[in-house]
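>>> attaching a predicted model along with its sequence, questions to come.
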Amino acid sequence: MKYLAILLSLVSFAASAGPLGIGAMIGSPTGLSAKYKLGDEKALDGGFGLTRGKNCTANLHSDYLFHSSNALYFNDQHPLDLYYGMGGRMKFDDDIILGVRLPVGLLYEVENEGNADVFGEIAPIVDFIGKVGVDLHIAIGARYYFR
């Protein structure tokens, strides 16, 4: 519970500084998603959620992202942004497990709203502290931006 309180306090601090999107993600993990835009081509994102498997574990992650605007088009009309980056993941299992994330995803900014986006991403993870191994996050989600 204290990790959720830390995450929420960081999100509220960032919300006062600029364009912050808050929403939800479904998949692995399922939970909250936040993104802070650092300009048109860079952003910080983070998430807190649960991953199901043999046992249910909590995950906290944050990434530094690079965006390629209008990299692809859906139905030749709707531009999709390609994003990629690097970050870290903390998994709360029997022990705390730390790893490196390499997310790659597609993002669609909702045209009518202008303050929302929908995304899908895949993020290979290499755990190196607590337990050495590999993992994979796959999630879709949406965020609403406060300006």
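Here it is on my side, so go on.
>>> ok, the closest residue in space to residue 122 that isn't next to it in sequence - contacts?
Counting by Cβ to Cβ, 6 or more residues apart in numbering, residue 138 is the residue found nearest to residue 122 once chain neighbours are left out, at 5.1 Å. C-betas here are computed from N, CA, C, even on glycine. Residues counted as contacts of residue 138 (Cβ atoms under 8 Å, 6 or more residues apart in numbering) are 27-28, 121-123.
>>> which strand or helix spans residue 138?
Here residue 138, judged by DSSP states H and E, is contained in strand 133-146.
>>> thinking again about what came up before, quick check, pLDDT for the residue nearest to residue 122.
At residue 138, the pLDDT value in this model is 95.
>>> before we move on, back to that, the strand holding residue 138 pairs with which strands?
Here strand 133-146 is paired, per DSSP bridges, with strand 20-28 (antiparallel), strand 116-129 (antiparallel).
>>> tell me how far it is from the chain's mean position?
4 Å (Cα atoms, centre = their mean, to the nearest Å).
>>> alpha carbons of that strand, as CSV, please.
Once non-C-alpha atoms are left out, strand 133-146 reads as follows in CSV (Å, rounded to 0.1, in the frame of the first residue of the first chain):
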residue,chain,number,x,y,z
GLY,A,133,15.2,-14.2,-15.7
VAL,A,134,13.1,-12.8,-18.5
ASP,A,135,9.5,-11.7,-18.6
LEU,A,136,7.1,-10.0,-21.0
HIS,A,137,4.5,-7.3,-20.5
ILE,A,138,1.8,-7.0,-23.1
ALA,A,139,-1.0,-4.4,-22.5
ILE,A,140,-3.5,-2.1,-24.1
GLY,A,141,-4.9,0.9,-22.5
ALA,A,142,-6.2,4.5,-22.7
ARG,A,143,-5.3,7.8,-20.9
TYR,A,144,-7.0,11.1,-20.5
TYR,A,145,-4.7,14.2,-20.4
PHE,A,146,-5.0,17.1,-17.9
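>>> burial check on residue 43, number of neighbours?
20 (other Cβ atoms under 10 Å).
>>> oh, that last question was meant for residue 143, not what I typed.
By other Cβ under 10 Å, 22 other residues sit near residue 143.
>>> for residue 53, same thing?
Neighbourhood size, residue 53 [other Cβ under 10 Å]: 9.
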